[in-house]
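Trainee: got a predicted model here, sequence first, then my questions.
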Amino acid sequence: MAKCIMIQGTMSNAGKSLLTAGLCRIFRQDGYRVAPFKSQNMALNSFVTSDGREMGRAQVVQAEAAGIRPDVRMNPILLKPTTNVGSQVIVNGKALGTMNAMEYYRRKREFIPAILEAYHALEEEFDIIVIEGAGSPAEINLKQEDIVNMGLAKLVDAPVLLVGDIDRGGVFAQLYGTVALLEDDEKSRIKGTIVNKFRGDRKILEPGIRILEELCGVPVVGVIPYVHVDIEDEDSLSSRLQDSQTRKPVDIAVIRLPKLSNFTDFSPLDRNEQVSVRYVGKPEDLHDPDMIILPGTKSTIADLLWLRQSGLESAVLKAADRGTPVFGICGGYQMLGKRICDPEQVEASGIDDIRGLGLLPHETVFSGEKVLKQAQGTFGSVAGIFSPLSGMHYSGYEIHMGRSEAQQILASRGNVYGTYLHGIFDAPGIADTILHALCRKKGIDPTSLTTMDTTAWKERQYDLLADTVRSGLDMDLVYRVLNREV
């Protein structure tokens, strides 16, 4: 049976996801079969596995770092927010329906059997499981029904390392305050603390580290340096989503919809020093980009209304009239059509029929089961500026409720394009072909752009993350924790 170690944090965005990915990579480098696990994830960034099930992208990243295929058992419960107080609840990769926060809080212990079944199945196949918590274990109003932090640690008997973010300040208060709010049996599970995202000379920290160790009664396992790695971030806390006015020779504007999902679709476009990918939430910030992207969204109709009311719909239509390429993905693709109908109130927006942007000829109807599938093949005839995509191989995955009258995986009319396929820019050559076409339209030499091997790039980033984590942690102590020697 696998050994396990759990990473909990003092708060959201303390670095749990990347630290978990880093440890997965380290254990893999050290010769172990390792898998990530997060019992409950809340995110709009999701992925479809080869067997047509949905899971959080954070665990996909961690699985990639571990050198294994993503498996829905690594994230048995996924919550996808639909409103400020409600989420779609996905268990073992399949949607159960939408629940408000109070209903889910009352019922979530019902999902413990599914969590344990997934965990124990992984336990039989791997040497090590690196478990990620969520938020903070010291949310004293939620601890009673906890299934993702100390509640899970008790269920699977996991030792815990607690990580705090020094980059935001107050890391000693974060770590000590969290430990102080835990029950005695929970404190006994904390085997060490970690100071994350440190910039500067570690010697300056040493006096504080000694005092923290005395207060918490456990060692500081390490101080991890701040490092920039190009690895997918966990949902909307990502700094990538902040509005940016920096424009590079090739300028791409992504409309920052309120319920934007799967923003990681655009990472392959953003890895070139000559390309800017800006997230735009106001018409005055759109300017005159070389391409506009309407991204995926968890709430297509509500976000289409926002687009209309914000003035961005008008700005997008004017840009399209000028010949600016417009590219819609999933919900963004649905918006580009003539109409969106929701007679069964699948999105619970209160609207059963709404006009789209009318840039593509299809109509979309929401009904029935969610479409969850991976797809690959060859593009048919593609119109306009991106016609060089014709005949190229594509791959990706679909996650959507609505059905559209699409005849091709990539619909096109003039310089307007739409697809249901997430990850469409990841396949070899797709991003390069699009960027080269934008260069030629603008009169820029396409050879000035760097050709990117996405897979090789990711591998280098995971290795860089592992090197940074290994350099900051006392790995001998980590292994003693893993082996229950402390």
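Mentor: Okay, I see it. Computed from a prediction, not measured in an experiment: that's the story for all the values here. Numbers count the residues shown, from 1 in each chain.
Trainee: so how many other residues sit close to V229?
Mentor: 16 (other CB atoms under 10 Å). Quick note: C-beta positions are derived from backbone N, CA and C, even for glycine.
Trainee: show me what contacts it?
Mentor: Residues near V229 by CB atoms under 8 Å, 6 or more residues apart in numbering: 18, 461, 464-465, 468.
Trainee: again, only using 6 Å
Mentor: By CB atoms under 6 Å, 6 or more residues apart in numbering, the contact set of V229 is 461, 464-465.
Trainee: give me the contact list for the helix or strand containing A173.
Mentor: Per DSSP states H and E: A173 is located in helix 171-180. If you take CB under 6 Å, 6+ apart as the criterion, helix 171-180 is touched by 10, 138, 164, 193, 195, 208, 212, 215-216.
Trainee: out of those, which are buried?
Mentor: 10, 138, 164, 193, 195, 212, 216 (16 or more other CB atoms under 10 Å).
Trainee: for the third one, helix, strand, or coil?
Mentor: Following DSSP: H, G, I helix; E, B strand; the rest coil, the label given to G164 is strand.
Trainee: measure it to R69 for me?
Mentor: 32 Å (CB to CB, to the nearest Å).
Trainee: so E398 is in contact with Y420, correct?
Mentor: Yes: taking CB atoms under 6 Å as the definition, E398 is a contact partner of Y420 at 4.7 Å.
Trainee: ok, these two, which is more surrounded?
Mentor: Set side by side, E398 and Y420 show more neighbours around Y420, with 27 against 19, by other CB under 10 Å.
Trainee: how much space separates that one from G328?
Mentor: From Y420 to G328 the distance is 10 Å (CB to CB).
Trainee: how about I90?
Mentor: Look at I90 and G328: by CB to CB, they are 24 Å apart.
Trainee: which one's more surrounded, the two?
Mentor: G328 (28 against 25).
Trainee: pairing partners for whichever strand or helix holds that one, with directions?
Mentor: Taking DSSP H and E as the criterion, G328 maps to strand 326-329. Neighbouring strands of strand 326-329 in its sheet, by DSSP bridges, are strand 291-294 (parallel), strand 416-419 (parallel).
Trainee: out of the ones you listed, nearest to E124?
Mentor: The closest of these to E124 is strand 416-419. By CB to CB, the value is 38.7 Å.
Trainee: just how off-centre is that closest one within its chain?
Mentor: 23 Å (CA atoms, centre = their mean, to the nearest Å).
Trainee: dump the C-alpha coordinates for the helix or strand just after it into PDB.
Mentor: Once strand 416-419 ends, the next helix or strand along the chain (criterion: DSSP H and E) is helix 430-442. The C-alpha coordinates for helix 430-442 follow below in PDB (Å, rounded to 0.1, in the frame of the first residue of the first chain):
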ATOM      1  CA  ILE A 430      -1.400  25.000 -34.100                       C
ATOM      2  CA  ALA A 431      -0.200  28.000 -32.000                       C
ATOM      3  CA  ASP A 432       2.700  28.700 -34.300                       C
ATOM      4  CA  THR A 433       0.500  28.700 -37.400                       C
ATOM      5  CA  ILE A 434      -1.900  31.200 -35.900                       C
ATOM      6  CA  LEU A 435       0.900  33.500 -34.600                       C
ATOM      7  CA  HIS A 436       2.700  33.400 -38.000                       C
ATOM      8  CA  ALA A 437      -0.600  34.300 -39.800                       C
ATOM      9  CA  LEU A 438      -1.000  37.300 -37.400                       C
ATOM     10  CA  CYS A 439       2.600  38.300 -38.100                       C
ATOM     11  CA  ARG A 440       2.100  38.200 -41.900                       C
ATOM     12  CA  LYS A 441      -1.100  40.300 -41.600                       C
ATOM     13  CA  LYS A 442       0.800  42.900 -39.600                       C
END
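Trainee: quick one: list the elements packing against helix 430-442.
Mentor: Of the remaining helices and strands, none touches helix 430-442 by 3 or more CB pairs under 6 Å, 6 or more residues apart in numbering; DSSP states H and E.
Trainee: next, the buried residues of the next helix or strand after that helix.
Mentor: Counting by DSSP H and E, the next helix or strand C-terminal to helix 430-442 is helix 454-472. Across helix 454-472, burial judged by 16+ other CB under 10 Å covers 454, 458, 461-462, 464-470, 472.
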